[in-house]
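>>> sharing a sequence plus its predicted fold:
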Amino acid sequence: MVTVVSQLVELFDKLGFSVVVRDPDTAEVIGASDDGESQLLAADPAAVRVASAKVAGAVVRVEIVRTELEEPAALTPRQRAVARLLVAGKPNTVIAEELKISTHTVRRHLESIFRRLHVQNRTAAAAELRKGTIKL
């Protein structure tokens with residue numbers, strides 16, 4: 001199991017995440033990236049993601065936090081327009097009307113924005129955009 005855990009830790013590290021793998025019953029650390037515990041302690045609790053994973057037949061607790069990420073790619077002019085309206089709290093239908101595009105196209109632009117920001121939904125994207133992660 002130690003080999004599988006170390007491979008898991010190495011994978012997350014390559015993806016730009018600090019990770020700590022714990023035994024779910026005892027909370028004992030059974031694997032961690034070099035800076036895993038310090039990064040998790042310093043991180044905003046909302047930024048820490050916790051998941052269960054089955055490793056070599058045993059369930060483990062995986063705690064991850066995003067660390068050094070490369071600069072997100074710049075948005076296209078149309079994606080910036082969609083992002084500005086997203087931050088303003090506009091729903092897809094209003095964004096589509098204001099930009100004279102279909103709601104399908106709005107969804108596609110939002111999916112691209114989510115990927116570039118490494119987020120899963122519009123609330124997280126709006127929060128990242130408000131931080132100035134990408135210039136609008």
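Structure's in. What do you need?
>>> show me where pLDDT drops low in the chain?
Scanning the chain for pLDDT under 70 picks out 1-2, 15-16, 35-47, 66-73, 133.
>>> switch the cut-off to 80
1-5, 8-9, 11-19, 30-58, 64-74, 132-136 (pLDDT under 80).
>>> mind listing the strands for it?
Taking DSSP state E as the criterion, the chain carries its strands at 17-22, 29-32, 49-55, 58-66.
>>> let me have these in CSV, extended by mean neighbour count and distance to Ser102.
C-beta coordinates here come from the backbone N, C-alpha and C atoms, glycine included. Formatted as CSV, the strands of the chain follow (neighbours: other CB atoms under 10 Å; distance: least, CB to CB, whole Å):
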stretch, mean neighbour count, distance to Ser102
strand 17-22, 23, 35
strand 29-32, 18, 46
strand 49-55, 12, 33
strand 58-66, 18, 32
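>>> need these in JSON lines (columns: distance to Val106).
As requested, these are exported to JSON lines (distance: least, CB to CB, whole Å):
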{"stretch": "strand 17-22", "distance to Val106": "30"}
{"stretch": "strand 29-32", "distance to Val106": "41"}
{"stretch": "strand 49-55", "distance to Val106": "27"}
{"stretch": "strand 58-66", "distance to Val106": "26"}
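>>> nearest to Glu97, of the ones you listed?
strand 58-66 (34.3 Å; CB to CB).
>>> direction included, what does that closest one pair up with?
In the sheet, strand 58-66 lines up against strand 17-22 (antiparallel), strand 49-55 (antiparallel) (DSSP bridges).
>>> having no further points to raise, I will conclude here.
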